[in-house]
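[1] predicted coordinates and the sequence they were generated for:
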Amino acid sequence: MWLALCALVLVLIGGTVGYMLLGFGLLDAMYQTVTTVSTVGFREVRPFNHGDEAFTMALILIGVGVVLYTFGVALEALVEGHLRDVMRKAKMERDISSMRKHVIVCGWGRVGKATAGFLANAGQSVVVVDSDDERLATVPYPKVLGDVTDDETLRRAGIEHAGVLIAAVNTDADNVYVTLSGRTLRPDLLIIARARTEPSEAKLLRAGADRVVNPQRIGGDRMASFALQPHVVEFLEAVVHDGRLEFQLAESKVAAGSSLAGKTVHESHIRRHTGALLIAVRSSGGAFTTNPPPDWVIQPGQVLIAIGSEEQLLSLRRLGGRGGSPSGPSVAAP
């Protein structure tokens, strides 16, 4: 584009200088050059002699070609750029509409970036929503530009088929609006909201958030934990976050038709059938039981929290699913 524009300017300057050398005034030379290269076809400024005619023919052959080339390049850049944006937007909308159980992250700030990155590394589909076009241009995931507090924006992000909504906008007021909108559109949706201040936590819970996270308080708790129990915290970091160890912590919900339902921990032989180590059980009411005893009865709706390799935890999820049966590695119980 720049080469074409420079060539056009050179033709105009060259034509003007040429006509001036042939005896034209500055304004007449500019007028004659523009009317010639633009093929308008107005009258000549003065009757042409053979020299004027020869120069004009050369200017037509060179100048008209340059003008057409410049116009073509400009039109191509305009059309292709517009079509590229339209096609990219249409493809992204199709991709989002085909997603199921994805996570919608509202807000592309520090918290939103960290959250989306962790989810993407874990293999979870993510859609980012933000109202800032410049910030959104740096998002490497499917994205939606719009007001995060607007219901239509959440619909374009696929909230009807989403599994989780994360409100990570900079202000607590916007997070309250996002939570209210999400809860209204999807009463069954899991909503996790960010809170900057402690008073806002209760408001977000009343607005419909299932979980409220205060990054400042969590950061302070982690720093204090490092001071008191650094090895424990580093172990949990390696297991839960960065994957430095082979083993991971994961949860598995017990379905009604699972072979585990109604059995005690001893009778289920989870360790033998899957290789995963059961460390806690959460009841349907939300209470935790750590290191459940052998006579603990596993009930449908409970959540098993275990540690093991990816393959072992997958076997546990199959065992806890509807109609699940032992299919993982057989490991002798310690």
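    Perfect, thanks for sending it. Numbers count the residues shown, from 1 in each chain.

[2] would you map out the domains in the chain?
    By the assignment in automatic domain parsing, the chain contains the domains 2-93, 100-213, 246-334.

[3] what does stretch 10-18 contact?
    Applying CB atoms under 8 Å, 6 or more residues apart in numbering, the external contacts of stretch 10-18 come out as 26, 29-30, 32-34, 36-37, 55, 59, 62-63, 66-67. Any C-beta I mention is one placed from the backbone N, CA and C, and that applies to glycine too.

[4] actually stretch 286-295, not the one I wrote
    By CB under 8 Å, 6+ apart, stretch 286-295 touches 264-266, 278-283, 296.

[5] sorry, back to before: TSV for the contacts of stretch 10-18, including pLDDT and distance to Arg43?
    Listed next are the contacts of stretch 10-18 as TSV, based on pLDDT from 0 to 100; distance: CB to CB, whole Å:
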residue	pLDDT	distance to Arg43
Leu26	89	19
Ala29	86	15
Met30	87	16
Gln32	85	10
Thr33	84	15
Val34	84	14
Thr36	82	12
Val37	83	16
Phe55	85	17
Leu59	84	16
Ile62	86	22
Gly63	85	18
Val66	86	23
Val67	84	20
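
[6] which PyMOL command selects the buried ones in the residues you listed?
    Buried members of the contacts of stretch 10-18, defined by 16 or more other CB atoms under 10 Å, are picked up in PyMOL with:
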select buried, resi 29+30+32+33+36+37+55+59+62+63+66+67
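
[7] quick one: the helices in the stretch 101-250 of the chain, in order.
    110-121, 133-136, 151-156, 172-185, 198-207, 215-228, 230-237 (DSSP state H, counting those that start in this stretch).

[8] for the helix or strand where Arg84 lies, name the packing helices and strands.
    Secondary structure assigned from DSSP states H and E places Arg84 in helix 50-98. Contact analysis of helix 50-98 by 3 or more CB pairs under 8 Å, 6 or more residues apart in numbering; DSSP states H and E lists helix 2-21, helix 26-37 as its packing neighbours.

[9] could you check the angle helix 26-37 makes with it?
    Orientation check (axes from the mean of the first three to the mean of the last three CA atoms, to 10 degrees): helix 50-98 against helix 26-37 gives 60 degrees.

[10] how far does helix 50-98 sit from its chain's centre?
    Here helix 50-98 is found 33 Å from its chain centre; the criterion is CA atoms, centre = their mean, to the nearest Å.

[11] and what of stretch 162-174?
    On CA atoms, centre = their mean, the centre of stretch 162-174 falls 14 Å from that of its chain.

[12] same thing with stretch 102-121?
    Computed by CA atoms, centre = their mean, the separation of stretch 102-121 from the middle of its chain amounts to 7 Å.
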